[in-house]
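Enquirer: dropping the sequence and predicted coords here.
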Amino acid sequence: MLARTIIEPFRIKSVEPIRWTTRLQREHRMQAAHYNLFLLPAEDVLIDLLTDSGTGAMSTHQWAALMEGDESYAGSRSFVHFSASVQDIFGYRHVIPTHQGRAAERILFSVMCKKGDVVPNNTHFDTTRANIEFVGAEAVDLVISEGRQPSLHHPFKGNMDVAALETLIQRVGRERVPLVMLTITNNSGGGQPVSMRNAREVSAICRKYRIPLYFDACRFAENSWFIKLREEGYANKTPKQIAQEMFLLGDGCTMSAKKDGMANIGGFLCTNDDKLAQQEKNLLILTEGYPTYGGLAGRDLEAIAVGLQEALEEDYLRYRIASTAYLGDHISQQGIPIVQPPGGHAVYIDARAFLPHIPPEQFPAVALATELYLQGGIRSVEIGTLMFGAAATMDLVRLAIPRRVYTQSHIDYVIEVILEVWKNRGRIRGMHLTYEAPFLRHFTARLEPVTATSLVAAEEAVLTR
């Protein structure tokens, strides 16, 4: 019999209580947090969908591996286990551990990029873009046109526009492009996958111009599963085989092990270039730690070594992708505009379509995310004008689902809250900034709901600039 009910492919062995709050309490909490969900205490959140990064539940095998952690400063056996697991999947010669993905990005771009350089990607995520811009280089997004149309159905909306990539290289000159990146899955574009064919075409362009290709591999397992389901010729291949084939097309990768590493902390940088690896290890020693621990405890290395393999298990991936689609399909059937089809790790609500009366400069996705919290204690994240400024082409609310944490009843509750907010969407007001940092402003920004008075003040501020 083919079961239609999604069941979690695990049993729950330990539970963490969550606390209910009233609407009035949540209003006070939001005011105290300056209407920035990042600034909320986690204990005041009922369902936390802010991110899937480091928020998952580890398996019994991972917990057992923790006890095997070798905390030797140099040359620990935990690094040997970690490196072997990474190389089994990714295949690159040098494996450099870091405390998380953005540390790998900072090291990579600090070594490879300089002021005036250009780094193409399908779509850069926030930390990737910020680390590129921090060294004075330019981050350019080249996702296919379908990837910029939320309601359009396409099996691989994360694909890079290959023609646009070659045009860019020819326009700025090969010497200004130190590397090309491909993000799998494309987080900022709705968690959409990249096809093997597209990765192969991007790789061919890079080989033609002798430019290294690096993968942002945070959700490589989910991307592999989408290829297995949607791309011709891969139905009978395992997710690991698909991942291994894709990574053969590149020269290295950055990875946040807090995603498809199934761990609470950690990441790594890989490369096949011996000279670059030495430079990267030198910088690692300066800022992260010795190259056999990279800012991580031995027990963390062990947990990642196990988690990378577990992320490729078919029972897990089948459940993971189906449970995300369950949320996306249920709300879209009720008219909620989302990025179609639902992504692997998250559902993305199209805030511009949800709140057409709020212009992008008033941060519609922030306004919607705020209302989801006020209505039901759900924390999500804006991916749009606040996060990316002028580079934003969409305003999305991402509902990122932590791995192996919430059950179907939790998701049913999320659906109910979203539908209630949808009924009263006309009452939601836009937001305006009262404070912003020069980099990654969305993490610490302070905002307030738009009022007639604040609109006049904002207009006067623009006129006096």
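Expert: Arrived safely.

Enquirer: please make it C-alpha for all contacts and neighbour counts, starting now.
Expert: Fine.

Enquirer: run through the helices of the stretch 1-150 of the chain in chain order.
Expert: When secondary structure is read from DSSP state H, counting those that start in this stretch, the stretch 1-150 of the chain shows helices at 23-32, 60-66, 77-90, 101-112, 126-134.

Enquirer: okay if I get those as a markdown table plus mean neighbour count, distance to residue 238 and mean pLDDT?
Expert: Conversion of those to a markdown table gives the following (neighbours: other C-alpha atoms under 10 Å; distance: least, C-alpha to C-alpha, whole Å; pLDDT from 0 to 100):
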| stretch | mean neighbour count | distance to residue 238 | mean pLDDT |
| --- | --- | --- | --- |
| helix 23-32 | 15 | 45 | 96 |
| helix 60-66 | 16 | 21 | 96 |
| helix 77-90 | 20 | 12 | 97 |
| helix 101-112 | 22 | 26 | 94 |
| helix 126-134 | 20 | 29 | 90 |
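
Enquirer: now those in JSON lines, with distance to residue 52?
Expert: Shown next, in JSON lines, are the helices of the stretch 1-150 of the chain (distance: least, C-alpha to C-alpha, whole Å):
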{"stretch": "helix 23-32", "distance to residue 52": "22"}
{"stretch": "helix 60-66", "distance to residue 52": "18"}
{"stretch": "helix 77-90", "distance to residue 52": "21"}
{"stretch": "helix 101-112", "distance to residue 52": "13"}
{"stretch": "helix 126-134", "distance to residue 52": "15"}
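
Enquirer: for residue 432, which of those helices is the nearest?
Expert: helix 23-32 (13.6 Å; C-alpha to C-alpha).

Enquirer: who are the packing partners of the closest one?
Expert: Counting by 3 or more C-alpha pairs under 8 Å, 6 or more residues apart in numbering; DSSP states H and E, the packing neighbours recorded for helix 23-32 are helix 364-376.

Enquirer: what comes into contact with the helix or strand following the helix it packs on?
Expert: Scanning forward in sequence from helix 364-376 by DSSP states H and E, the next helix or strand is strand 378-379. For strand 378-379, the external contacting residues (C-alpha atoms under 8 Å, 6 or more residues apart in numbering) are 37, 45-50, 369, 372-373, 414.

Enquirer: do stretch 324-338 as well
Expert: Stretch 324-338 is touched from outside by 150-151, 342-351, 353-354, 401, 411-412, 415, 418-419, 422, with contacts defined as C-alpha under 8 Å, 6+ apart.

Enquirer: residue 99 contacts residue 265, doesn't it?
Expert: Yes: counting by C-alpha atoms under 8 Å, residue 265 is a contact partner of residue 99 at 6.5 Å.

Enquirer: all strands of this protein, in order?
Expert: In the chain, the segments counted as strands under DSSP state E are 47-48, 94-98, 118-121, 138-141, 180-183, 213-216, 252-256, 267-271, 346-350, 378-379, 381-383, 396-400, 431-435, 446-449.

Enquirer: okay if I get those as CSV plus mean pLDDT?
Expert: Rendered in CSV, the data for the strands of the chain read as follows (pLDDT from 0 to 100):
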stretch, mean pLDDT
strand 47-48, 96
strand 94-98, 97
strand 118-121, 97
strand 138-141, 95
strand 180-183, 96
strand 213-216, 97
strand 252-256, 96
strand 267-271, 97
strand 346-350, 94
strand 378-379, 97
strand 381-383, 93
strand 396-400, 94
strand 431-435, 94
strand 446-449, 95
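
Enquirer: out of these, which is closest to residue 199?
Expert: With C-alpha to C-alpha as the measure, strand 180-183 is the member of those nearest residue 199 (7.8 Å).

Enquirer: for that closest one, which helices and strands make contact with it?
Expert: With contacts defined as 3+ C-alpha pairs under 8 Å, 6+ apart, the packing partners of strand 180-183 are strand 118-121, strand 213-216.

Enquirer: looking at those, which is nearest to residue 170?
Expert: Counting by C-alpha to C-alpha, residue 170 lies closest to strand 118-121 out of the helices and strands packed on strand 180-183; the figure is 11.9 Å.
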